[in-house]
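Colleague: Need coordinates for the below:
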Amino acid sequence: MTNTDVYPTRGVAEVITSRLDPVVWSERPGPFATDELRGYERNGFLTVGAQITAQELGVYRAELERLRTDPTVRADPRAIVEPASDEIRSIFEVHKISETFAQLVRDPRLAERARQLLGSDVYVHQSRINLKPGFGAAGFYWHSDFETWHAEDGLPRMRTVSVSVALTDNLACNGGLMIMPGSHHQFLGCAGATPPDNFRRSLQMQVAGTPSHEALTGMARRRGIELLTGPAGSAVWFDCNCMHGSGDNITPYARSNVFIVYNSVENAAVEPFAAPTRRPEYIGARDFAPLG
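Modeller: Okay, the predicted model is just below:
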């Protein structure tokens, strides 16, 4: 894999590059039906109901509560707190902290869907739980994950997929995921250099790698915005280059999701394309061994 940058970003000005990679990398049979693959290819995302059972949901919720209240987890650098309330916002590399969530990451109901979409074996580039507790949890500003993973982690191409598994009901009112359908077909390279150790700030509030208001306005006019909701146990699969974000959660209802990023073993990270140093491995993995 060469370090040729086909998706320039973090320069003096924003730049739009047409997508050079497939969205669906394989036509092989798998858990997704053909019409689901076509919808994913067109829109960049796909919702799946009842991805895990009610019994499993109880196990994952109990483990989430254990992690949330464990002082050793809170003291770990992989735990990110809300800047205002000081409550835990995210727990990274959760599949290495918790064997319960490691089993979910390896679960064929998830891993086989990732292999089908990416046309190869996969490894976990990133895993985390986003807790988003009620009464003031901050949102996540508009961004393309690939822009960050390309610029700061060194992922060369768009051969990466994310799945967000709902551990609580994802409602229209509690800071749900918003996606601009079809936005994954173009890459928006952002303006502005990456500050040193940018990850320390960006995990609480992203600044570097965020599009301008003008670019977002134009994209929203062309693509629209869809708010994705679903009951606990459901999941959303979305392409790495989707423009997405979520609002603050000021309701009493927590919105907790397990977020797993599967990357093709044929798309292993190289050196960052637009950052002075790599991010820590608990944010951008450097172990490219296929998922067992």
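Colleague: Okay, now the unreliable bits of the stretch 51-200 of the chain?
Modeller: 199-200 (pLDDT under 70).
Colleague: Give the buried residues for the helix or strand where residue 217 lies.
Modeller: Using DSSP states H and E, residue 217 sits in helix 213-223. Within helix 213-223, the residues scored as buried using 16 or more other C-beta atoms under 10 Å are 215, 216, 219, 223. Glycine gets a C-beta too; all of them are placed from N, C-alpha and C.
Colleague: List the contacts of the third one.
Modeller: Looking back up the chat, that one is residue 219. Taking C-beta atoms under 8 Å, 6 or more residues apart in numbering as the criterion, residue 219 is in contact with 180, 183, 188, 211, 243.
Colleague: quick one: which of those residues is nearest to residue 137?
Modeller: residue 243 (21.3 Å; C-beta to C-beta).
Colleague: which non-adjacent residue is nearest that closest one?
Modeller: The spatially closest residue to residue 243, leaving aside those adjacent along the chain, is residue 183, at 3.9 Å (C-beta to C-beta, 6 or more residues apart in numbering).
Colleague: Next one: the nearest residue to residue 10 once chain neighbours are set aside from residue 12, what distance?
Modeller: Distances taken as C-beta to C-beta, 6+ apart put residue 274 closest to residue 10, at 3.7 Å, once the chain neighbours are dropped. Counting by C-beta to C-beta, to the nearest Å, the gap from residue 274 to residue 12 is 12 Å.
Colleague: Looking at those two, which is more packed in?
Modeller: With neighbours defined as other C-beta atoms under 10 Å, residue 274 and residue 12 compare such that residue 274 has more, 23 against 8.
Colleague: I'd guessed that one sits against residue 194; true?
Modeller: Yes: at 5.8 Å, residue 274 counts as touching residue 194 under the criterion of C-beta atoms under 8 Å.
Colleague: can you list residues touching both of these two?
Modeller: 10, 151, 152.
Colleague: which residues touch the helix or strand that contains residue 16?
Modeller: Per DSSP H and E, residue 16 falls inside strand 15-18. Applying C-beta under 8 Å, 6+ apart, the set of residues contacting strand 15-18 from outside is 6, 7, 8, 9, 185, 186, 187, 188, 189.
Colleague: Does anything pack onto the next helix or strand along the chain from that strand? Which helices or strands?
Modeller: Heading C-terminal from strand 15-18, the first helix or strand you meet, by DSSP H and E, is helix 34-43. Contacts defined by 3 or more C-beta pairs under 8 Å, 6 or more residues apart in numbering; DSSP states H and E place helix 34-43 against strand 45-48, helix 108-118.
Colleague: taking the mean pLDDT, what do you get for helix 34-43?
Modeller: The pLDDT scores in helix 34-43 average 97.
Colleague: So residue 114 is in contact with residue 161, correct?
Modeller: Yes: the pair residue 114 / residue 161 is scored as a contact, 5.6 Å apart, by C-beta under 8 Å.
Colleague: who touches both of these two?
Modeller: With C-beta under 8 Å, 6+ apart, residue 114 and residue 161 have common neighbours residue 262.
Colleague: count of neighbours near the nearest residue to residue 49 once chain neighbours are set aside?
Modeller: Of all residues not flanking residue 49 in the chain, residue 234 sits nearest, at 5.0 Å (C-beta to C-beta, 6+ apart). Residues lying near residue 234 (other C-beta under 10 Å) number 19.
Colleague: quick one: contacts for residue 234?
Modeller: With contacts defined as C-beta under 8 Å, 6+ apart, residue 234 is in contact with 47, 48, 49, 50, 51, 165, 166, 170.
Colleague: In a markdown table: the residues you listed, plus neighbour count and distance to residue 258.
Modeller: Below are the contacts of residue 234 laid out as a markdown table (neighbours: other C-beta atoms under 10 Å; distance: C-beta to C-beta, whole Å):
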| residue | neighbour count | distance to residue 258 |
| --- | --- | --- |
| 47 | 17 | 15 |
| 48 | 19 | 14 |
| 49 | 9 | 16 |
| 50 | 13 | 15 |
| 51 | 23 | 10 |
| 165 | 28 | 5 |
| 166 | 24 | 8 |
| 170 | 26 | 12 |
